[in-house]
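Engineer: coords please:
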Amino acid sequence: MRRHLAVLMVLLTGAYCVGLAPLVISTIAGAEHGAPYLLSMLTGVAGMLAAIAVGYTAGVLSGTAWLAPITFACVFAGIGIAAHEVRGLEAAIPVSGSTGTLGMVEPYSLLVYRLAACAIIVGAAAWFSARALRRSRRWKVPSPTSSAIAVILIATILLPVSNPPALFAKEGDLPASCTTASGVEYCVHAGQASQLDLMRDTTRKLLAVSGVQPQELRRVWSVALADDAGAGDSADGNVDSSTVWIGLYPGNDTATETAFAVAQRLSGLEACGAVPSGTVTDFRNGVGAAQAFYIAMLRSAGHPDQGYAVETPFDHLSSDELASWGARHAEAIRNCALNETDMP
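Structural biologist: Predicted coordinates:
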């Protein structure tokens, strides 16, 4: 039995590693920062070994290969449902649906637990398979040893439910790539260095068309440099209104994300405690006027306006005229005090 299971593990896990190798190599070659996290990679291999052992045990106990697809479907569905419905259980899954972002890593203690859990699953499955193969009847009252192993297995899987661990943590020292232009500091995680210039140029265009030079705008940073408290706090954890945080996530367009975040600050929407909304069409009060200015800035700087098919009081202004209006009303914009008489 042990030889048969070992052969299956070597062949199937080897195929798993060979299939993933091109993806891993291309990711390493294209990465701007960092290196493979070997302990995290090992949890995927350990999870594969555990899955093979569980499938083998199911086949031994049932005595038929027809149970294989049913076992796969049930285990896959069970893991997915349990991970989403039972807080903490996702920690026991080697490759979960949760993904971290740049600047985050899986905690060392979590990875050690996952490796240990997979080792216990493999050991328990091998024990149950060996016991079943030595018997004429596969299903019998379990021995005290088998019962104890089953209890240890269940306790190990349910351990994180009692005290759910964090699936990701911030890197100890966040490496940053920065530049300064016109008194504004632009910083991204070292892994986003190629996006720094575009983030800076996009911000400068919006500053130019807005005519607003708010004293509080001093930094435009990627959220990858924020702490666990999230965007809105500085990297040292202190509340900081002088920083605009940009969500540079995979799949997002850097220019668009930067434009939306910076325009929201410069237009006064943040000062009004509001966010862009397609339902705002009355531009005669503070929030409405800020919304109109937000849309006008995006359009004037050549960025999408989030699909707002509305006319604003600024539509007839050129970029220079829009900037001139913004400069004249900078104080009202900062204090969410625009009204109907301020509209051009």
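
Engineer: can we go C-alpha only for contacts and neighbour counts from here?
Structural biologist: OK.

Engineer: What lies in contact with the helix or strand where Ala53 lies?
Structural biologist: Using DSSP states H and E, Ala53 falls within helix 38-62. Contact with helix 38-62 is made by 5, 8-9, 12-13, 17, 65, 67-68, 71-72, 93-95, 106, 111, 114-115, 118-119, 121-122, 125-126, 128-129, 132-133, 138-139, as judged by C-alpha atoms under 8 Å, 6 or more residues apart in numbering.

Engineer: Could you check the angle whichever helix or strand comes after it makes with helix 38-62?
Structural biologist: Per DSSP H and E, the first helix or strand lying C-terminal to helix 38-62 is helix 67-85. Compare the direction of helix 67-85 with that of helix 38-62 by axes from the mean of the first three to the mean of the last three C-alpha atoms, to 10 degrees and you get 130 degrees.

Engineer: Past helix 67-85, which element shows up next along the chain?
Structural biologist: With DSSP H and E, the next secondary element past helix 67-85 is strand 104-105.

Engineer: what lines up beside that next one in the sheet?
Structural biologist: strand 169-170 (antiparallel) (DSSP bridges).

Engineer: so Arg200 makes contact with Tyr186?
Structural biologist: Yes - the pair Arg200 / Tyr186 is scored as a contact, 6.4 Å apart, by C-alpha atoms under 8 Å.

Engineer: sorry, back to before: quick one: mean pLDDT over the helix holding Ala53.
Structural biologist: For helix 38-62, the mean pLDDT works out to 87.

Engineer: Any figure for the gap between Leu198 and Val10?
Structural biologist: Distance, Leu198 to Val10, by C-alpha to C-alpha, to the nearest Å: 47 Å.

Engineer: Likewise for Ala261?
Structural biologist: 50 Å.

Engineer: ok, the two, which is more surrounded?
Structural biologist: Ala261 (17 against 12; other C-alpha atoms under 10 Å).

Engineer: ok, and what's touching the helix or strand containing Glu185?
Structural biologist: Element membership of Glu185 [criterion: DSSP H and E] is strand 184-189. If you take C-alpha under 8 Å, 6+ apart as the criterion, strand 184-189 is touched by 102-103, 174-180, 195-196, 199-200, 217-222, 224-225.

Engineer: mean confidence score for it?
Structural biologist: Strand 184-189 carries an average pLDDT of 91.

Engineer: Please apply the same query to stretch 122-138.
Structural biologist: The average pLDDT for stretch 122-138 rounds to 81.
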